[in-house]
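> Generate coordinates for the sequence data below:
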Amino acid sequence: MANVAENIVKTLHANGIDRVYGLPGDSLNGFTDALRKDGTIRWVHVRHEESAAFAAAADAATTGRLAVVAGSCGPGNLHLINGLYDANRSRVPVLAIAAHIPTNEIGTGYFQETHPQELFRECSVYVEYVADPRQMPRLLEIAMRAAIEKRGVAVLVIPGDVALADIADDRAVVIERTRPVVVPSGAELERAATLLNEAKRVTILAGAGVEGAHDEVIALADRLGAPIVHALRGKEFIEYDNPFDVGMTGLLGFASGYRAMESADALLVLGSDFPYEQFYPDGATTIQVDIRGEQLGKRHPLDLGLVGDVGATAEALLPRLAEKDRGHLDDATAHYRKTRAKLDDLAVPTKAGRPIHPQYLARLLNEQAADDAIFTADVGSPTVWAARYLRMTERRRLIGSFTHGSMANALMHGIGAQVAHPDRQVVALAGDGGLAMMLGELLTLTQNRLPVKTIVVNNSSLNFVELEMKAAGFVTYGTGLDNPSFAAIAEAMGIFARRVERSEDLPDAVRDVLAHDGPALLDVVTERQELSMPPAIEAAQVKGFALYAIRTVMSGRGDELLDLARANWRQLF
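The predicted structure is shown next:
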């Protein structure tokens, strides 16, 4: 007779799961032994459970299919939590098997005891404790369906003894994702059309919800004469083959995206949860389309909210719309070309003896990476440069912790992306602070023979934190990093590595690392004082920088101001 763990593996296999991310542990023995005996599902061994969860998140994000992760009891499954938060907030389907202490010891303060079902509740769409083998396989089926249909994390908490118990019903149900088409009512579509037809200057803000609706959104923009601004998570789905693209807005964006929204008298928000209120236009008619009704009006007051799939809603709306004058569009795209040219002017080599501009590194990566590359980017300055300089194609992907905002995600996401797509180029744009935080995961690359290309933006600081401090008027403190040669560390781990300190050496180094047949790391010493200027500088930020300057001089660190001016003179004048 099969046991519970064997039935779990049987069900995973029936559903096309061929890999599980995790670390072994005694409370997981039943599950890992079931994997061993089955032989069809790969155990992707990582060095930290947090990495397993981030890897599963990237796997699910790039495949659109359920990914599975497992952690042993107590500290083991607690380590999963940060990565599961990222997966849940990114709305990707992940099933987590969280082992628990022996059933008869629960509540006694036993070794490694926690209450996982409470701890996982906030980072999941479903979490349940399996106290009796008779609850299975039904709870597994419920958990899988919840993860797939709600696009989030489902957690099953299973004591080791329950996993080894005989199961009465050894069925293996295949859970198929349903694909309903949701469209607003005719009356709602007519109201939306009336508002848009009355407007003179319509701008579209496109988010992650435009995935799979590229052509329908382009057709809508064409009819409305509307420039398309994208939020960060919408970049990979709408930037390519888009004559109406005017770039990104928000804290990481640039001037043309901000201006296209600010000058609009109607804003059409498509599948976006863009959170920064200060970047929405005041006084513009605002219409929002989202598949989740609870998201409507969450970030900005609406004149009309519509529940629907972006593609189907755009298609149903199109025949109701009148052709618009293209003056607003022409003005926005012309401004974008100028802004784009100014950004590209910053992506150039530095003079001899100066650290490398990170914009130049990002530009070279964009030029030399494969047309179907999967990029991952650490939170902070690597995400800024990725957002501004990595151009998406129909097949390129850009994955990051863009909602949860966790450090150290790039390498961990890269692991899952490479496991899921062994024949595609995966480029992890890592910060020096982020890479150092999860440095051991470089060993995961060698152990699993994953040819991830890790690009380190090595500016010896928590760079984006420093920028936030300066903008708020604080003297930077506690943000410096005394870094080793990451290239030397990588080489000690058996990874091909290069370290570059001069701009003239960078093009060949990027080419060598990207072309290497196996894991490779490029350690690039970049300018610490490079400013990533937001598209709109608020009075509070100007005041903050002034206070920072005064306080820095008074603290005896005036040389830092000279370095800041030297590094950013070309941006300011």
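
> Helices of the stretch 401-550 of the chain, start to end?
Using DSSP state H, counting those that start in this stretch, the helices of the stretch 401-550 of the chain run over residues 409-420, 432-437, 441-447, 463-471, 486-492, 506-515, 539-554.

> Compute the distance from the centre of the fifth one to the centre of its chain.
Think helix 486-492. Remark: helix 486-492 is offset 26 Å from the chain centroid, using CA atoms, centre = their mean, to the nearest Å.

> Buried residues, it. List them.
Neighbour-count burial for helix 486-492 flags Phe486, Ala487, Ile489, Ala490 (criterion: 16 or more other CB atoms under 10 Å). Any C-beta I mention is one placed from the backbone N, CA and C, and that applies to glycine too.

> Now distance to Thr446 and pLDDT too, for these, in a markdown table please.
Formatted as a markdown table, the buried residues of helix 486-492 follow (distance: CB to CB, whole Å; pLDDT from 0 to 100):
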| residue | distance to Thr446 | pLDDT |
| --- | --- | --- |
| Phe486 | 15 | 97 |
| Ala487 | 15 | 98 |
| Ile489 | 12 | 97 |
| Ala490 | 9 | 98 |
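
> among those residues, which two are most distant?
Largest separation among those by CB to CB: Ala487 and Ile489, giving 7.3 Å.

> how far away is Thr40 from Ala34?
Going from Thr40 to Ala34 by CB to CB, to the nearest Å gives 11 Å.

> Pull the contacting residues for the nearest residue to Ala53 once chain neighbours are set aside.
Closest residue to Ala53 apart from its sequence neighbours, by CB to CB, 6 or more residues apart in numbering: Gly83 at 2.4 Å. Counting by CB atoms under 8 Å, 6 or more residues apart in numbering, Gly83 makes contact with Glu49, Glu50, Ser51, Ala52, Ala53, Phe54, Ala55, Ala56, Ala57, Val69, Ser406, Met412.

> Determine which two of those are furthest apart.
Val69 and Ser406 (15.5 Å).

> So for these two, which sits in the more crowded spot?
Using other CB atoms under 10 Å as the criterion, Val69 and Ser406 rank with Val69 on top: 33 against 20.

> confidence score at the more buried one?
pLDDT for Val69: 98.

> what about Thr40 and Ala34, which has more around it?
Higher neighbour count among Thr40 and Ala34: Ala34, with 22 against 11, using other CB under 10 Å.

> The more buried one contacts Leu12, doesn't it?
No. Ala34 is beyond contact range of Leu12, at 9.6 Å (criterion: CB atoms under 8 Å).

> excluding its backbone neighbours, what's nearest the residue nearest to the spatial centre of the chain?
The centre of the chain sits closest to Gly400, judged by CA atoms, centre = their mean, with a distance of 2.2 Å. Once flanking residues are discounted, Gly400 sits nearest to Ala377: 4.6 Å by CB to CB, 6+ apart.

> CA-only coordinates of stretch 408-415 in CSV, if you can.
Extracted in CSV, the C-alpha atoms of stretch 408-415 (Å, rounded to 0.1, in the frame of the first residue of the first chain):
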residue,chain,number,x,y,z
ALA,A,408,19.4,39.0,-3.2
ASN,A,409,16.7,37.7,-5.6
ALA,A,410,18.6,37.9,-8.9
LEU,A,411,20.8,34.8,-8.5
MET,A,412,18.0,32.8,-6.8
HIS,A,413,15.5,33.7,-9.5
GLY,A,414,18.2,32.8,-12.1
ILE,A,415,18.4,29.3,-10.7
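
> So for that stretch, mean pLDDT?
In this model, stretch 408-415 has a mean pLDDT of 98.

> any idea how far it is from the chain center?
Relative to its parent chain, stretch 408-415 has a centroid offset of 10 Å by CA atoms, centre = their mean.

> residue ranges for the strands of the stretch 151-300 of the chain, please.
Taking DSSP state E, counting those that start in this stretch as the test, the strands found in the stretch 151-300 of the chain are 153-159, 202-206, 228-230, 245-248, 266-270, 285-290.

> Nearest to Lys351, out of the ones you listed?
Ranking the strands of the stretch 151-300 of the chain by distance to Lys351, with CB to CB as the measure, places strand 245-248 first at 28.5 Å.

> buried residues in that closest one?
For strand 245-248, the neighbour count (16+ other CB under 10 Å) marks Asp245, Val246, Gly247, Met248 as buried.

> Which single one of the residues you listed is nearest to Ala428?
Met248 (21.1 Å).

> I figured the closest one hits Glu236, correct?
No. Met248 sits out of contact with Glu236 when judged by CB under 8 Å, with a separation of 11.7 Å.
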